[in-house]
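**Student:** Sequence first, then the predicted structure:
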Amino acid sequence: MLGRLFTEHPRSLGMSWVGHGTGAIAIGLRMIGAGAACIVHAVIPGLFTETAGRTVASLHDHMVKRRASAPDPQAWPDYEI
């Protein structure tokens, strides 16, 4: 059970637990930053006018490139974290 929870998903993507975790943390932090920028933008519309959109586009490009360079790109879902 523990093996399934911790290693099955990263292995299915050809990644280690540490590599997957590091990538997920990096993506999560960027998403949190973009979310915070959206909240500030809601209060002060002149700030962070393109931050969230640029972050989403950048993360999408990053994930598409990661999938393309994976050992088995077909094993990756259309979306991933």
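**Tutor:** Thanks, I have it.

**Student:** For the protein, which segments count as helices?
**Tutor:** Taking DSSP state H as the test, the helices found in the chain are 2-3, 9-12, 17-43, 51-68.

**Student:** Sketch out the low-pLDDT regions of the protein for me.
**Tutor:** Within the chain, the set of residues satisfying pLDDT under 70 comprises 79-81.

**Student:** Please report how far the residue positioned nearest the centre of the chain lies from residue 33.
**Tutor:** Closest residue to the average C-alpha location of the chain: residue 27 at 3.8 Å, with CA atoms, centre = their mean. Counting by CB to CB, to the nearest Å, the separation of residue 27 from residue 33 is 11 Å. Heads up, the C-betas are built off the backbone N, CA and C, glycines and all.

**Student:** about what we covered before: compare the helices of the chain and report which one is nearest to residue 78.
**Tutor:** When the helices of the chain are ranked by proximity to residue 78, the top entry is helix 51-68, at 8.8 Å, counting by CB to CB.

**Student:** Same list (the helices of the chain) but as JSON lines, adding distance to residue 75.
**Tutor:** As requested, the helices of the chain are arranged in JSON lines below (distance: least, CB to CB, whole Å):
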{"stretch": "helix 2-3", "distance to residue 75": "18"}
{"stretch": "helix 9-12", "distance to residue 75": "6"}
{"stretch": "helix 17-43", "distance to residue 75": "14"}
{"stretch": "helix 51-68", "distance to residue 75": "9"}
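
**Student:** wait, what's in contact with residue 55?
**Tutor:** Contacts were defined as CB atoms under 8 Å, 6 or more residues apart in numbering; by that measure residue 55 touches 30, 31, 33, 34, 37.

**Student:** Apply 10 Å and report the result again.
**Tutor:** 30, 31, 33, 34, 35, 37, 38 (CB atoms under 10 Å, 6 or more residues apart in numbering).
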